[in-house]
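A.B. asks: sharing a model prediction with you, sequence too.
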Amino acid sequence: MDSVVRNLADYATGVAFETLPPEVVRACKRHFVDTIGCALGAYASEPARIARELALRVQAPRGARLLGTVRRTLPELAAFANGVMARCLEGNDVFPGSGHPSDAIGGILAAADAGGANGKAVIGAMVISYDIYHHLSRALDLRNRGWDYSYYVAVASAAGAGRLLGLDARRMAEAIAIATTPNLALGATRRGQLSLWKGCAGGDGARNGVFAALLAAAGMTGPEKPVEGEHGLRQQLGRCDFTPLDPVRPSYCIRQANLKPHLAEYHSLLPIALALELQPRVKWEEIEAITIHTYRFTWQETGSEPEKWHPTTRETADHSLPWTIAAVMIDGRFSDEIFSESRLKDPRVHRLADRITVKEDPEFTRRYPAELPCRIEVATRANTLAATGDIPPGHHRKPLGDEAVSAKFRDLAQRALPRPRVDGALALLWKLDEAPDFDPFFAALAVDGSG
């Protein structure tokens with residue numbers, strides 16, 4: 001058996017809820033509340049509608065429920081639909097440069113619901129999933145090799161779901177091997193004019209991870225050496241820096257995952273904050289030029305492609321620094337309404353975006369990812385204004401408190417639920433560690449007419 005797979009399997013079956021520090025349990029609840037809020041906010045979105053309708057073609061009385069409904073389908077289809085809802089509005093958490101670990105929560109929730117697990121088990125599975133996700137992202141650095149981060153989601157979801165399904169270490173290893181082998185996805189997902197799939201790839205990773213765990217639970221075996229063997233990850237990718245995980249001393253990497261105060265690409269959060277700082281001091285019509293100095297990752301992801309100046313899809317716009325900053329400077333506030341179809345036709349934003357330049361600052365690149373620095377300069381006919389920062393709001397060194405997470409949940413949940421029901425649902429979510437099952441949870445989150 002592959003030593004890397006064996007180590008991941010030992011870790012996934014070794015970490016126990018009873019040993020988790022209280023601050024880790026609280027962090028899991030915070031990220032769970034945030035993820036479910038993002039999902040409810042996206043309930044009516046086109047990607048979520050498509051995924052939900054496909055999932056509901058199958059009725060499975062002993063399956064898993066879809067968020068926003070009380071209807072059950074196959075666990076892997078629920079993992080996909082719930083993952084798409086949580087991800088597609090660009091609001092869920094992030095490991096900077098490595099993607100979105102909460103994409104796995106859709107798979108964890110599906111496995112828990114189908115298997116009758118309680119809230120404590122879900123929290124334990126989240127800890128395992130986040131640690132394995134972070135471990136893989138540091139070992140492989142897939143993005144810089146042209147691959148998508150959804151591979152991390154697939155393996156992390158297989159481990160989290162496998163734990164909830166009660167897999168022993170041998171079967172857990174099979175699940176991880178099965179998830180590893182077919183799930184390297186192309187980085188083309190996040191290049192050019194972005195499609196609806198941009199917000200679905202993580203949910204697809206969760207779907208494949210849950211399916212791998214279900215296969216292993218049924219007795220399916222996976223390749224013996226998907227990492228270390230011939231044509232395995234090491235041979236295909238080259239350098240892979242795996243440091244063994246220790247289940248006796250868990251990493252608790254969820255504490256390093258960063259939450260977003262806004263529905264926007266993570267690396268645009270500090271530029272948004274700086275733009276809001278500058279906006280009251282200048283009239284947008286008088287702006288001759290805006291220069292955004294940032295580190296290489298932000299430049300590559302949000303300011304290096306021509307499509308980012310004149311986006312035609314929501315997915316491209318929410319990954320466009322010129323578009324986002326132009327709209328913020330015009331509006332004096334941030335709302336994800338700036339990514340709507342009607343707003344993408346706003347000639348004012350297009351005109352101002354054409355005056356924006358995004359530049360890599362080598363010193364900022366050197367400081368990343370320990371810091372995420374940015375400097376914005378706004379030039380008018382009369383003068384030049386500037387604002388600089390190092391850490392965006394929501395970063396684990398500048399975290400969103402419980403009240404801020406709750407406020408974000410309320411704002412997003414009200415897009416799907418009547419306002420009087422939102423606080424009751426929120427109270428249930430904050431008591432995740434006390435939940436014996438998920439029946440009240442899905443009932444509280446059911447959108448009118450969807451059950």
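C.D. replies: Thanks, I have it.

A.B. asks: and the worst-scoring helix or strand of the chain on mean pLDDT, how far out from the chain middle?
C.D. replies: Scoring the helices and strands of the chain by mean pLDDT, DSSP states H and E places helix 233-237 at the bottom, with a mean of 90. Helix 233-237 sits 26 Å away from the centroid of its parent chain (Cα atoms, centre = their mean, to the nearest Å).

A.B. asks: stretch 388-405 now?
C.D. replies: The answer for stretch 388-405 is 16 Å, by Cα atoms, centre = their mean.

A.B. asks: give me the contacts around it.
C.D. replies: 26, 30, 33-34, 37, 255-261, 266, 269-270, 273-274, 367, 371-376, 408, 430 (Cβ atoms under 8 Å, 6 or more residues apart in numbering). Any C-beta I mention is one placed from the backbone N, CA and C, and that applies to glycine too.

A.B. asks: looking at these, which are in strands?
C.D. replies: 374-376 (DSSP state E).

A.B. asks: quick one: the strands in the stretch 201-350 of the chain?
C.D. replies: With DSSP state E, counting those that start in this stretch as the criterion, the stretch 201-350 of the chain has strands at 287-294.

A.B. asks: nope, the stretch 351-451 of the chain is what I was after
C.D. replies: 356-360, 374-380, 384-389.

A.B. asks: tabulate those strands (a markdown table), appending distance to residue 425, mean neighbour count and mean pLDDT.
C.D. replies: Listed next are those as a markdown table, based on distance: least, Cβ to Cβ, whole Å; neighbours: other Cβ atoms under 10 Å; pLDDT from 0 to 100:
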| stretch | distance to residue 425 | mean neighbour count | mean pLDDT |
| --- | --- | --- | --- |
| strand 356-360 | 39 | 18 | 98 |
| strand 374-380 | 36 | 21 | 98 |
| strand 384-389 | 34 | 15 | 98 |
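
A.B. asks: could the ones you listed be laid out in CSV, adding distance to residue 239?
C.D. replies: What follows is those, written out as CSV (distance: least, Cβ to Cβ, whole Å):
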stretch, distance to residue 239
strand 356-360, 24
strand 374-380, 30
strand 384-389, 33
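
A.B. asks: out of the ones you listed, which comes closest to residue 95?
C.D. replies: Checking the strands of the stretch 351-451 of the chain against residue 95 by Cβ to Cβ gives strand 374-380 as the closest, at 18.8 Å.

A.B. asks: who does the closest one pair up with?
C.D. replies: According to DSSP bridges, strand 374-380 has the following sheet partners: strand 287-294 (antiparallel), strand 384-389 (antiparallel).

A.B. asks: out of those strands, nearest to residue 50?
C.D. replies: With Cβ to Cβ as the yardstick, what comes closest out of these is strand 287-294 (33.8 Å).

A.B. asks: quick one: the closest one to chain centroid distance?
C.D. replies: Averaging C-alpha positions (Cα atoms, centre = their mean) puts strand 287-294 29 Å from its chain's average.

A.B. asks: same thing with stretch 228-243?
C.D. replies: 26 Å.
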